[in-house]
Every structure is written in structure tokens, then in C-alpha cells.
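>>> Pasting the sequence and the predicted coordinates here, then a few questions.
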Amino acid sequence: MNWISRCKLPAIKAIKYNGRPCLSPESLWEALHNIFNTTLSCQVDSNILSEIKHKSTFCWSSFSKKEFKQAISKCNNSSLPGLNKLTWHHLKSIIKQDNCLVNIINITDSCINLEHWMNYFKCLSTVIIPKPNKTMYDQSKAF
């Protein structure tokens, strides 16, 4: 499985409310707020939940050493280090030692099996470095 290549995003439709697409956070909030308020006093029949078919859970396969090395090998050695000051070049040299590679794979597999994602993996800091002799980017058009 290729973990770091570009993937195609699924086709999406805009959420519509009162026949108009919600294209801004304000229009989306208005739609969700109004829908919530109209359903607030509605009675719910919980028996409908018994009609849902139970699906078996999916077991995650452990990473293999080869798979892990292949994924890491495609990472750029010249990228800046993260908050832990570890670069891809350092990680590639660390996993050359088999016991280090096994420990990293065990940590990865444990995170998946326990469904625990450390906050470190949930946060992202982006630093925009403007190109020389270029005008500043218009941030209002970025999103």
C-alpha cells in the first residue's frame, strides 16, 4: 500500500439549504442551526436502530519491515525537521538497525490497535516562507 502518494479526492456536492448551496461558513452555520432547531421537538423512534445490519470489524494488518522501509524511502531527505527535530534522513539511518525498526513498527501497530493517536500526530504547524521579489499572498483567497 502506498502511504505517501497523492490520492484522488472523491467528487462532492455542496450542501444545499432552501434550494441554495452553502458555500460559506456563515451559510452552512445558518442551515445547520435552522435544521437543528426544527428537529429539536421531534419525537425519535429508537427502534429504527435495530434495522441496521451489524458489520464485522476490520482488523488492521501489522506493518512489515519492507513496507515501512519502502514508505520511508520515498520521503525527501532535504525537508525541514519537525517539532522533534528529526529529519527523514535521520529516521532512515535509524531504521537501518533492525531492533530500532522493530520498535518503531511496534509503536505504530500499538497506536492503531489501541485506537490511540498521540496529540503530536494531530497537530500541524505550517510556516509560509514568501518567495523573494514576490508580492504577498492574499490570505482571504487561500481558503
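Right, received. Where do you want to start?
>>> Now do the longest helix seen in the chain: which elements does it pack against?
Looking across the chain with DSSP state H, the single longest helix is helix 98-114. Using 3 or more Cβ pairs under 8 Å, 6 or more residues apart in numbering; DSSP states H and E, the elements in contact with helix 98-114 are helix 65-73, helix 88-94. Every C-beta, even on glycine, is put in place using the N, C-alpha and C of the backbone.
>>> center of this protein - which residue?
Among the residues of the chain, the one closest to the centroid is Lys122, at 8.1 Å (Cα atoms, centre = their mean).
>>> ok so, going back, so what touches the longest helix of the chain?
With Cβ atoms under 8 Å, 6 or more residues apart in numbering as the test, helix 98-114 has contacts from 60, 62-63, 65, 68-69, 94-95, 116-118.
>>> The closest residue to His90 other than its chain neighbours and His89: what is the separation?
Residue nearest to His90 in three dimensions, not counting chain neighbours: Pro81, with 7.9 Å by Cβ to Cβ, 6 or more residues apart in numbering. Distance from Pro81 to His89, counting by Cβ to Cβ, to the nearest Å: 9 Å.
>>> which residues of the chain fall in strands?
Using DSSP state E, the strands of the chain run over residues 16-17, 20-21.
>>> Straight-line length of stretch 49-64, end to end?
End-to-end distance for stretch 49-64: 39 Å, by Cα to Cα, to the nearest Å.
>>> Just the buried residues of that stretch, please?
For stretch 49-64, a neighbour-count test (16 or more other Cβ atoms under 10 Å) marks Phe63 as buried.
>>> Quick one: end-to-end distance for stretch 118-129.
Start-to-end span of stretch 118-129 (Cα to Cα) is 28 Å.
>>> as a whole number, average confidence for that stretch?
For stretch 118-129, the mean pLDDT works out to 72.
>>> what does stretch 61-80 give?
85.
>>> Span of it from start to end?
First-to-last residue span, stretch 61-80, Cα to Cα: 31 Å.
>>> again, but for stretch 16-30
Stretch 16-30: ends 11 Å apart by Cα to Cα.
>>> Buried residues, that stretch. List them.
22, 27.
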